[in-house]
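A.B. asks: What follows is a predicted structure for the sequence shown.
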Amino acid sequence: MTKESLRTRSELPWIIAALVVLIVPWYLYNRHVAEFYPEDISEGGAYTVITYGTDRNPARAEQMNIFNRYYEAERLRVELIPGGSDYRSVPTQSAALAAPYILDSFQDEDLRMYAQKGIALPLNEHLKRLRDEQGYDITTRSWAARLDGLRLPNPDWQEGMDPLDRWLWYGVPNNMDIPMVWFNRTHYQQVRQEREARGEAMPPEPWLHWTWWDYAAIARALHRRSPETGRFLSFGGDTPDRDVLYLQVAYSHRGHDSEEFAAMDAEDRRRLGLDGLDWESAIAAWQVDDHNAITLYPNRHALQTVFQFNYDLTHVIRGAPSRSDAEQMAVAGGGFAGGWGNAFKAGTQGMFMTGRWFVGQVRAECGFDWRLLRLPRWVPYEQWQDWQERGLAAEQRDGAWGEQARHEALAAARAAGADDDELLHLKIAPLRGYANRLGGRLSFMSSSTPPEHREQAFRFLEFLLMNEDFNTVLMVEDGMGADEAVARRYLASVDPNFPEEAANRPVAHELGSLENLHPRPRWPVNNHRTNKRDADNAIGTRLSRVALLQDDQAGDPLSYAAFENFFSDEDAIATSRDGIGQLLADHYIDRLQAAYDSGLREEGVQRSFWPQWHVLLCAVLVAGFFMVMAYMTRRDRLRENADV
């Protein structure tokens, strides 16, 4: 006896035919009419195509055309994949071997995570061949402050091995970035005329060695409200990056000479917050020992100074907008809504801190006279107040933090016949308090790159490192390329393509911004995008001023008498307390410590052989489901056979 279902004609061919009738015309329409599918840039396999995942910047397409022109003879082309470097999709694509061959990493921590997970391929053999065959040594030709972000320690390295193999190299620099100050000079001149007409003081324009207190004074003067409505007309500036200012404060207190630091007496160490700190820990963001115990911001006095300054700049000196201030300006159409930096481009913010990469937007969208300036440097407030009380000009400022000795050295060199270029490169002891962080994009080869194409894929990384045209294009319209020599050569003179910007981008400021560069501190565990970011966002200069001042531990009243000339009678300076920086610093350290401990636990679980309990439970449930399904299927078949 045969079952009825076994004698019924199958409908599967009709289903397949219907799908073919629907899908094939739809594919042909999209392919040849709508042209939805991209063209085959390999031209049927005639070219080797290197896929490159990066951000969605429209300028990248033309930058990549430089590569295609240079490597036409080698039949190499790069295919740009905008958004292909998104850190949320890279691990999934890599697991399926579907990620682009070359990827960008915008944070050093991301590249480290990719290396640890096997997504980023080591480049040691490629870099050694580049050094031996073409004379390019990445350790000497590229930015020293970016090298640590490209590599991890090699656990197998031994004495006698190639020095390059002391590290496992995973990336190359792509587009470098340092913070600078964008200055609206038109707005400054307008405010200066208004204040002088009212008989009010106006701080001088920024110069090369200005200080953060000079910045605060200018920001205070440019921070304006309407006397009739009380509505904000403009903001002065924004608060400096926490880690950059920490480095500057630490350098300012420690100094640049290790021998002078070692000879510092106990009273000076106590006054500058250097008790118990050695040369390295005095400027370190954090230090991790062999047992994974972390010391966060060893120079705690410097961190407290940073929080005190940023808080007071916003709430006491009132040179930077609070969150509620920015929201009021946005509601009033002042340019804060709709994107980062819009207030500056709209002319409603006098100073804005970001990198050189902003130059393309400013050049295209700003109709006012602007300047690109080196960051200010840090000096103690007491020193700056002393200069103000004595009415000293920049070249007259004396003492350990003053410029007087530097100006005297320049005058002597000029009297000896030195020209402007020689003066620009004159070796003079650096002034205390200036340092900067070098960051930017890194590029690496992904594990999705087929072995037979890895040599060609490295040609693209080689192009980023060595091609002078590409590195120059980045200087013109973006940040800075991997070749430090090209960057310094470009910044040392006026760009002939933009001669009108000789005043906008002063050579001394752009070249001077490269002094004393340091890497951005790399968070030691892989939760920088979760717990670490939450800690950063939870603390800052916009905490409630009232709540802080009501705290019994907020300290004694803090006077900013040197700023009184920059306030009108109707808008007098507020009072601060000298313990606010400590309160904010302690709260921040507590949150950072919790973030580090959490990340350490997560990494310990990831390194464990045994899965976590919820993963094990899911595996048991899935296995149980399939066992039940297999049992039910077998039972049904036995019943059917019994019926037959």
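C.D. replies: Yep, it's here.

A.B. asks: Show the low-confidence segments of the stretch 501-644 of the chain, by residue range.
C.D. replies: 540-554, 568-573, 604-614, 643-644 (pLDDT under 70).

A.B. asks: so where do the helices sit in it?
C.D. replies: 507-512, 531-538, 545-549, 580-607, 613-643 (DSSP state H, counting those that start in this stretch).

A.B. asks: same thing with the stretch 251-400 of the chain?
C.D. replies: 258-262, 266-271, 300-315, 323-331, 342-345, 359-365, 381-389.

A.B. asks: Dump those to TSV, plus mean pLDDT, mean neighbour count and distance to Tyr188.
C.D. replies: C-betas here are computed from N, CA, C, even on glycine. TSV is the format used below for these (pLDDT from 0 to 100; neighbours: other Cβ atoms under 10 Å; distance: least, Cβ to Cβ, whole Å):
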stretch	mean pLDDT	mean neighbour count	distance to Tyr188
helix 258-262	91	11	37
helix 266-271	90	12	35
helix 300-315	94	24	18
helix 323-331	71	15	19
helix 342-345	90	23	13
helix 359-365	90	15	16
helix 381-389	94	17	19
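
A.B. asks: Could you point out which of those helices sits nearest Leu464?
C.D. replies: Checking these against Leu464 by Cβ to Cβ gives helix 359-365 as the closest, at 19.2 Å.

A.B. asks: which strands and helices sit next to that closest one?
C.D. replies: helix 342-345 (3 or more Cβ pairs under 8 Å, 6 or more residues apart in numbering; DSSP states H and E).

A.B. asks: same for the helix it packs on, what does it pack against?
C.D. replies: strand 351-354, helix 359-365.

A.B. asks: Save the helices of the stretch 501-644 of the chain as a markdown table, and put in distance to Ala219 and mean neighbour count too.
C.D. replies: Supplementary listing: the helices of the stretch 501-644 of the chain in a markdown table, determined by distance: least, Cβ to Cβ, whole Å; neighbours: other Cβ atoms under 10 Å:
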| stretch | distance to Ala219 | mean neighbour count |
| --- | --- | --- |
| helix 507-512 | 18 | 18 |
| helix 531-538 | 23 | 16 |
| helix 545-549 | 18 | 14 |
| helix 580-607 | 19 | 17 |
| helix 613-643 | 51 | 10 |
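
A.B. asks: between the helices of the stretch 251-400 of the chain, which gets nearest to Arg437?
C.D. replies: Comparing the helices of the stretch 251-400 of the chain under Cβ to Cβ, the one sitting nearest is helix 300-315, at 13.4 Å.

A.B. asks: before we move on, the earlier item: for Ala594, find the nearest of the helices and strands packed on helix 342-345.
C.D. replies: strand 351-354 (28.8 Å).

A.B. asks: Run me through the strand neighbours of the closest one, direction for each.
C.D. replies: Next to strand 351-354 in the sheet, as set by DSSP bridges, lie strand 180-184 (antiparallel).

A.B. asks: contacting residues around the strand it pairs with?
C.D. replies: 206, 215, 237, 344, 347, 349-356, 358, 362, 368-376, 509-510, 513 (Cβ atoms under 8 Å, 6 or more residues apart in numbering).

A.B. asks: will you turn the helices of the stretch 251-400 of the chain into a markdown table that also has distance to Thr48?
C.D. replies: Conversion of the helices of the stretch 251-400 of the chain to a markdown table gives the following (distance: least, Cβ to Cβ, whole Å):
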| stretch | distance to Thr48 |
| --- | --- |
| helix 258-262 | 51 |
| helix 266-271 | 61 |
| helix 300-315 | 50 |
| helix 323-331 | 49 |
| helix 342-345 | 42 |
| helix 359-365 | 31 |
| helix 381-389 | 60 |
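
A.B. asks: For Ala502, which of those is the nearest?
C.D. replies: helix 359-365 (13.8 Å).

A.B. asks: For that closest one, what is the distance to the chain centroid?
C.D. replies: Helix 359-365 has its C-alpha centroid displaced from the chain centroid by 20 Å (Cα atoms, centre = their mean, to the nearest Å).
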